[in-house]
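Peer 1: fold the stuff below for me.
(4 chains)
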Protein chains: 4
Amino acid sequence: MEAFSDGVFAIAITLLILAVGIEQALGGGKLSQQLLDLWPAYVAYAVSFLTIGIMWVNHHQLFRLFARVDRPLLLLNIMLLMLIAFVPFPTRVVADHAQSPDDRQAAALLYGTTMTVTAILFFSVWYYGSRHVLRPDADPRLVSGITRSYLPGAPTYAFATIVAFFNSAASLVLFAAIALFYALSSSFFGRSE
Amino acid sequence: MEAFSDGVFAIAITLLILAVGIEQALGGGKLSQQLLDLWPAYVAYAVSFLTIGIMWVNHHQLFRLFARVDRPLLLLNIMLLMLIAFVPFPTRVVADHAQSPDDRQAAALLYGTTMTVTAILFFSVWYYGSRHVLRPDADPRLVSGITRSYLPGAPTYAFATIVAFFNSAASLVLFAAIALFYALSSSFFGRSE
Amino acid sequence: MEAFSDGVFAIAITLLILAVGIEQALGGGKLSQQLLDLWPAYVAYAVSFLTIGIMWVNHHQLFRLFARVDRPLLLLNIMLLMLIAFVPFPTRVVADHAQSPDDRQAAALLYGTTMTVTAILFFSVWYYGSRHVLRPDADPRLVSGITRSYLPGAPTYAFATIVAFFNSAASLVLFAAIALFYALSSSFFGRSE
Amino acid sequence: MEAFSDGVFAIAITLLILAVGIEQALGGGKLSQQLLDLWPAYVAYAVSFLTIGIMWVNHHQLFRLFARVDRPLLLLNIMLLMLIAFVPFPTRVVADHAQSPDDRQAAALLYGTTMTVTAILFFSVWYYGSRHVLRPDADPRLVSGITRSYLPGAPTYAFATIVAFFNSAASLVLFAAIALFYALSSSFFGRSE
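Peer 2: Reported below is the predicted structural model:
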């Protein structure tokens, strides 16, 4: 299962570049201006890349704590990968509409809903796995530490999604802040592997 | 052969997102309405993702029962991968035409034919392999159990395809039901690995 | 190097589906007619998939006979992968123009040149590797047998390419025949692994 | 981390073919002329393929010298992969605008900036890793030799980028020359592995 999960993570993250708007750059007008106008695409690309990258690292850590993979865990993991592989689509929608006052809200809601469901599935994979297929020698403090650190993920994304109903620009900034926070906290305050 | 098969499965499943209609979302009109109108694309994406995901899991199980890979098995497997890698195309055709009364039938026939041929090749890989390159220590009851459980696949898809001649919407619903049935039955009633 | 080569083969082969003309199917007109008119795309997809698939299997066999990978072999292999990853482009050009009397020749020349250069690089990888980094325990008869069986590849493709100057349709049929011949001969007359 | 990095390298390099301009070939006019006019796309494809391929080989060598991967190294590596996966985009922009006097400068600056940042991150991964997670048995002369050989990378790309302000065609030729130099020097003068 690891080889397959690795593949889906690696491919989804690399397909993000198609979401930057490789086709738009072919439109008319001065190229230098077009490339600068693509800045929301660059930010969206970086935020989604960081988010999938961190999830992949954590996903790897989880499965090392599992003794085996049973059928319900397999199904939960396929559903999680289905969401991961879906991320390029909302990333592109945000990249294309972040500067449009009319459509930014719909884009933020799509992105936020995708991320919230992804976080719920991620937690479900861990929660089910830690109850049913945990390695007997797994350190209980490590296990409850992981549970505590993953618990806020889905509510945080849900909150940032709801913010879009009031201020869609603030919602997008929050998504970027969440990705940065996870990247930096896991990097500077996390334990080394 | 496993590394290559894994790669093709992982890439085909992740390319499905390109089949959701990432380009169509760029058309004119209100974004929120466009995103809602894409619902057949979301369903088609989920059904094909689930189907390929389950096939991958089963494919992995089969090859663990084979002692080696000879040339005819290699050729059968390449033909199976050729069909798996083809799935994003009919998925997109269904996603684009599921709501068109004129073209839904052609889309359902394309999807159903692809799935029927895939199921025939999947069974052929197993049937050939279980006759010629089975591991000597493979449990005969497990082997005949797998044969029995894969046998109905191709006829079931063929039946759902033929239904498209009479009612193409019913045919599409059947394809989704088959995928759900396999996902749930293997999850709740299957043996754990 | 194997992991990287495997990845490039698997991705190039799966990207072929984008060459079938997934976008064209979105054009106007009756869907069933459009899907039938795509038949050259289906044939081009199958021929290129088979060709890359067989090359991958053979590539794997070669590297198992090499004791190590030195720098010139690395560079030759990267150049071979560069050609393999290029194949989706001529495949699409053939798929799009096989029915156009004016452009079929240019398409056949592009496809044939790509395949001829690929075959030359494939033979070069083997020839260099078998002279410089062969495993000491490699069976000399196996080694000279492989050299003999790969030698006709490039001239055969070059001949089929030159045929395009006189009859471009015959040239395309030859490319399909070469792929089929390799698939069947390696399957029915080859040694098992 | 290796499996994931391998995946991203392999996918990014294979997606380059989408950058060759697979869509443009579908435009009107004589196919043979169109295919010849695509020559900047072929050159851009070859240069980027070579560059990513060489980076991948070197990346592999570095990580074999690291005893483990800690969190800061993980973050640096994800940022490096983010740049590698981005390369298909500037490659396409260069391929599309290399013949346009107005837009060539912007294309060269985008390509050069991407490569300079990539080289900085590549050196940072090595520099951080060689200070903090080096294997105790790593040969000090090998380590300082690698540091010396990677040090000129970023300044060289920065120089070629700055050249674009004065002569954008010369800048593009320099990018190709750098790739060729690395490929040939590592091939003919490098140590064998």
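
Peer 1: where does the closest residue to residue A:116 other than its chain neighbours sit, in terms of helix or strand?
Peer 2: The spatial neighbour of residue A:116 that comes closest, neighbours along the chain excluded (C-beta to C-beta, 6 or more residues apart in numbering or on different chains), is residue A:157 at 4.3 Å. Any C-beta I mention is one placed from the backbone N, CA and C, and that applies to glycine too. The secondary structure element spanning residue A:157 is helix A:153-163 (assigned by DSSP states H and E).

Peer 1: quick check: buried residues in that helix?
Peer 2: Of the residues in helix A:153-163, those scored as buried under the neighbour-count criterion (16 or more other C-beta atoms under 10 Å in any protein chain shown) are A:153, A:154, A:156, A:157, A:158, A:160, A:161, A:163.

Peer 1: helices or strands up against the helix or strand following it?
Peer 2: Read in the C-terminal direction, the helix or strand following helix A:153-163 is helix A:168-188, with elements assigned using DSSP H and E. Using 3 or more C-beta pairs under 8 Å, 6 or more residues apart in numbering or on different chains; DSSP states H and E as the contact criterion, the elements in contact with helix A:168-188 are helix A:39-65, helix A:104-132, helix A:153-163, helix D:71-86.

Peer 1: ok now the first one, how far from the chain's centre?
Peer 2: In terms of C-alpha atoms, centre = their mean, to the nearest Å, the centre of helix A:39-65 is found 6 Å from the chain centre.

Peer 1: before we move on, what about the last one?
Peer 2: Shown here is helix D:71-86, whose average C-alpha point lies 14 Å from the average C-alpha point of the whole chain (C-alpha atoms, centre = their mean).

Peer 1: packing partners of it?
Peer 2: Of the remaining helices and strands, those touching helix D:71-86 by 3+ C-beta pairs under 8 Å, 6+ apart are helix A:2-19, helix A:39-65, helix A:168-188, helix D:2-19, helix D:104-132.

Peer 1: just checking, what packs against the helix or strand following that helix?
Peer 2: Following helix D:71-86 in sequence order, the next helix or strand is helix D:88-97 (DSSP H and E). With contacts taken as 3+ C-beta pairs under 8 Å, 6+ apart, helix D:88-97 sits against helix A:31-37, helix D:2-19, helix D:39-65, helix D:104-132.

Peer 1: for the closest residue to residue A:125 other than its chain neighbours, what are its contacts?
Peer 2: Closest residue to residue A:125 apart from its sequence neighbours, by C-beta to C-beta, 6+ apart: residue A:76 at 4.9 Å. Going by C-beta atoms under 8 Å, 6 or more residues apart in numbering or on different chains, residue A:76 touches A:121, A:124, A:125, A:128.

Peer 1: just residue A:65 next, same as before
Peer 2: Listed by C-beta under 8 Å, 6+ apart, the contact partners of residue A:65 are A:129, A:130, A:134, A:135, A:138, A:142, A:143, A:146.

Peer 1: what pLDDT does the residue in chain A that chain C sits nearest to get?
Peer 2: Of the residues in chain A, the one nearest chain C is residue A:11, at a distance of 8.0 Å by C-beta to the nearest C-beta. At residue A:11 the predicted local confidence, pLDDT, stands at 78.

Peer 1: from chain A, which residue is nearest to chain B?
Peer 2: Closest contact between chain A and chain B, by C-beta to the nearest C-beta, is at residue A:7 (2.9 Å).

Peer 1: so that residue touches residue B:10, yeah?
Peer 2: Yes: applying C-beta atoms under 8 Å, one finds residue A:7 in contact with residue B:10, separated by 2.9 Å.

Peer 1: from the chain's centre, how far out does the helix or strand of chain A with the lowest mean pLDDT sit?
Peer 2: The least trusted helix or strand in chain A, going by mean pLDDT, DSSP states H and E, turns out to be helix A:2-19, with a mean of 75. Helix A:2-19 has its average C-alpha position 12 Å from the chain's average C-alpha position, going by C-alpha atoms, centre = their mean.

Peer 1: low-confidence ranges in chain A?
Peer 2: In the predicted model of chain A, residues A:1-3, A:19-28, A:186-193 satisfy pLDDT under 70.

Peer 1: residue of it nearest chain D, please.
Peer 2: Closest contact between chain A and chain D, by C-beta to the nearest C-beta, is at residue A:10 (2.9 Å).

Peer 1: quick one, what contacts that residue?
Peer 2: Contact partners of residue A:10, counting by C-beta under 8 Å, 6+ apart, are A:56, D:3, D:4, D:6, D:7, D:8, D:11.

Peer 1: without its sequence neighbours, what residue ends up closest to the first one?
Peer 2: The reference is to residue A:56. For residue A:56, the spatially nearest residue (C-beta to C-beta, 6+ apart) is residue A:9, at 4.2 Å.

Peer 1: just the fifth one next, same as before
Peer 2: Of all residues not flanking residue D:7 in the chain, residue A:10 sits nearest, at 2.9 Å (C-beta to C-beta, 6+ apart).

Peer 1: just give me the neighbour total for residue A:173.
Peer 2: Under the neighbour criterion other C-beta atoms under 10 Å in any protein chain shown, residue A:173 is assigned a count of 14.

Peer 1: then residue A:111?
Peer 2: Counted with other C-beta under 10 Å, the burial measure for residue A:111 works out to 27 neighbours.
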